[in-house]
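1. Provided below are the primary sequence and the corresponding predicted coordinates.
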Amino acid sequence: MNRSTSRMLDRVKAVYLYIKEKGTVTTTDIAEEFGITDRTVQRDLHVLEYNGLVSSPSRGHWTTTGKKVKIS
């Protein structure tokens, strides 16, 4: 795995853990917490949503789904 892919996966995992810890967060909350752009947040959330780990019950607000996940 190349370095940029590894960095992206580490960030996606950190975003997931942040949402899990905080409950419901906004895209802006995530961008500010990690110092990344809204577009990068959207890409990361898309990966998490595609895998059934987060959902957006109201536009721009994100929460974890409760799907079991093993984090290493």
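-> Received the coordinates, thanks. Numbering: from 1, shown residues only.

2. backbone dihedrals for residue 65, please?
-> phi -90, psi -20 (degrees, to the nearest 10).

3. which element is the closest residue in space to residue 37 that isn't next to it in sequence on?
-> Excluding its sequence neighbours, the residue lying closest to residue 37 (Cβ to Cβ, 6 or more residues apart in numbering) is residue 31, at 6.4 Å. Backbone N, C-alpha and C define where each C-beta goes, glycine included. Using DSSP states H and E, residue 31 falls within helix 27-34.

4. for residue 64, give its distance to residue 52.
-> Separation of residue 64 from residue 52 (Cβ to Cβ, to the nearest Å) stands at 10 Å.

5. so for the two, which residue has more residues nearby?
-> residue 64 (18 against 11; other Cβ atoms under 10 Å).

6. distance of the more buried one from residue 71?
-> For residue 64, the distance to residue 71 (Cβ to Cβ) stands at 12 Å.
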